[in-house]
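Colleague: Got a predicted model here, sequence first, then my questions.
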Amino acid sequence: MNRKLIADLLTRLGEKIASGLPLPDAIAQLEKDPFFSEIGAMIHRIHEGVKSGTPLSNCLAKAGFGYSVISAVSRAENQGDLDKRMPGIVALVGAEGELMVEAEAKKNENEAKIVERDNSGFEGKARDQLNDMIESGIEMNASDLHIIPTLGDAQVRFRIKGMLKDGGKVRRDALPALTAAVKTMCRMDVEERMMPQDGRFLIRVRGRECDIRVSIMPSVSGEKLTMRFLQPDKMVIGLDRVMAPEAVIALRKAMEIQNGLILVT
């Protein structure tokens, strides 16, 4: 996405709001402006969201804007001074050096995919750490990735053949940015931290596509993330790939019994 065009869009939006134009009307005028025809579809989605009463920050998150911009817009909305803060928000577009998610129109609004890495800024580094964890999990044939907040650093766990394996740690001060990156990719509400949320996104690792289902659950120590890796080319697999050897033996013995019930929990 053209960052200069995005910066121009936010600048013009701030000017129109400062002139006293209501936010939905300001976005509607920008949607009709030929100068922004390249991103017209994105502006239209933002306009529809704002018209329905969705906060602008949430609409920008769904459109694929970076966490810094979304957070700044959310704070400005809460303070009621979006027009005054817009120049600083515009500066964040260049500082981030990227938009976290490709904002192309997709058949399924819950789908997204990680784009090129960028080490500029704290959010970019957090997203790179997320990429590394996902790639490691896929290469290890893990079924799930858990990021568990504690009073200190967050614990990372991979579920491999039903067993949880240690996957390192995420610094406590880096966890909010990492969580926000996941929410943005899943089209979740970035500002919601007190309610559970579910979503999904797509990622391609070394030519293999993986559908990742995400669940975020609030806890006393922070938000817990669970990601399930669904790889189409590995959907039909043997029991030995998902269960420990002793569990497979026990299951096969149970299946030989003529009567009874096997519970899978």
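Modeller: Yep, it's here. Owing to the predicted nature of the structure, the values given are computational and were not obtained by experimental measurement.

Colleague: In the stretch 51-200 of the chain, what residue spans correspond to helices?
Modeller: 56-63, 67-79, 82-96, 122-139, 175-185 (DSSP state H, counting those that start in this stretch).

Colleague: Pick out the shakiest of those helices, pLDDT-wise.
Modeller: Here the helices of the stretch 51-200 of the chain differ in mean pLDDT, and the lowest is helix 82-96 at a mean of 70.

Colleague: Touching stretch 146-162 from outside, list them.
Modeller: With CB atoms under 8 Å, 6 or more residues apart in numbering as the test, stretch 146-162 has contacts from 133, 136-137, 140-145, 164-172, 175, 178, 219, 221-227, 241-244, 247. Glycine gets a C-beta too; all of them are placed from N, C-alpha and C.

Colleague: repeat that for 6 Å
Modeller: Residues from elsewhere that reach stretch 146-162 (CB atoms under 6 Å, 6 or more residues apart in numbering): 137, 140, 142-145, 164-165, 167-172, 175, 221-222, 224-226, 242-244.

Colleague: what's the answer for stretch 45-53, then?
Modeller: L23, P24, I27, A28, E31, L56, C59, A63.

Colleague: and the residues you listed as TSV, adding distance to A72 and neighbour count?
Modeller: What follows is the contacts of stretch 45-53, written out as TSV (distance: CB to CB, whole Å; neighbours: other CB atoms under 10 Å):
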residue	distance to A72	neighbour count
L23	16	18
P24	20	17
I27	18	24
A28	23	17
E31	22	19
L56	11	21
C59	14	22
A63	15	22
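
Colleague: Can you tell me which of the contacts of stretch 146-162 end up in strands?
Modeller: D144, L145, L164, K165, G167, G168, K169, V170, G222, K224, L225, T226 (DSSP state E).

Colleague: what's around the third one, how many residues?
Modeller: For L164, the number of neighbouring residues by other CB atoms under 10 Å comes to 14.

Colleague: With adjacent residues omitted, what lies nearest to it?
Modeller: R157 (4.6 Å; CB to CB, 6 or more residues apart in numbering).

Colleague: just the first one next, same as before
Modeller: Leaving out its chain neighbours, the residue that sits closest to D144 by CB to CB, 6+ apart is R159, at 3.9 Å.

Colleague: Need the pLDDT of the one you found.
Modeller: 93.

Colleague: Could you do R171 as well?
Modeller: pLDDT, R171: 87.

Colleague: residue contacts, K84?
Modeller: Going by CB under 6 Å, 6+ apart, the list of residues near K84 is empty.

Colleague: Relative to I17, how far out is it?
Modeller: 9 Å (CB to CB, to the nearest Å).

Colleague: same deal with S52?
Modeller: Taking CB to CB as the measure, S52 falls 19 Å from I17.

Colleague: ok, those two, which is more surrounded?
Modeller: Neighbours per residue (other CB under 10 Å) separate S52 from I17, with I17 holding more: 20 against 9.

Colleague: isn't the more buried one right up against R85?
Modeller: No: counting by CB atoms under 6 Å, I17 sits too far from R85 to count as a contact (10.4 Å).

Colleague: Report the beta-bridge partner residues of I148.
Modeller: Applying DSSP bridges to I148 yields these beta-bridge partners: Q155.

Colleague: What is the burial count for it?
Modeller: Residues near I148, counting by other CB under 10 Å: 17.

Colleague: doesn't F229 fall inside a strand?
Modeller: Yes: F229: assigned to a strand according to DSSP: H, G, I helix; E, B strand; the rest coil.

Colleague: what about it, how many neighbours?
Modeller: Count around F229 with other CB under 10 Å applied: 22.

Colleague: Contact partners for it?
Modeller: So F229 contacts I138, C210 (CB under 6 Å, 6+ apart).

Colleague: Roughly how far does it sit from Q155?
Modeller: Using CB to CB, one gets 19 Å for the distance from F229 to Q155.
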